[in-house]
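Asks: I would like to see how this sequence folds:
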Amino acid sequence: MRKPVKILLAIIAAMVFLIIIAIFTLPFFIDPNNFKPEIASRVKDKTGRELTLTGELKLSIFHG
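Replies: You can find the predicted model right below:
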């Protein structure tokens, strides 16, 4: 009975570890500036207002 519990806990721990690694590495591989036109278009569709995004956008895990 203990062996299946250990295997399950190991799988859960591995999944949590992979999710944490993904959260910390994605900002290095995704450029949010590529999505500026899509963001502005969706705001226009949903609200009817124009959105102008000036400056560089950046992803961050912790705001600071």
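Asks: only C-alpha atoms for contact and neighbour calcs from this point on.
Replies: Noted.
Asks: show me where pLDDT drops low in the chain?
Replies: Along the chain, segments meeting pLDDT under 70 span 1, 63-64.
Asks: all helices of it, in order?
Replies: 2-29, 36-47 (DSSP state H).
Asks: how about JSON lines for these, with mean neighbour count and distance to residue 59 added?
Replies: Below are those laid out as JSON lines (neighbours: other Cα atoms under 10 Å; distance: least, Cα to Cα, whole Å):
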{"stretch": "helix 2-29", "mean neighbour count": "11", "distance to residue 59": "5"}
{"stretch": "helix 36-47", "mean neighbour count": "13", "distance to residue 59": "13"}
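Asks: between the ones you listed, which gets nearest to residue 53?
Replies: When the helices of the chain are compared by Cα to Cα, helix 36-47 sits nearest residue 53, at 6.8 Å.
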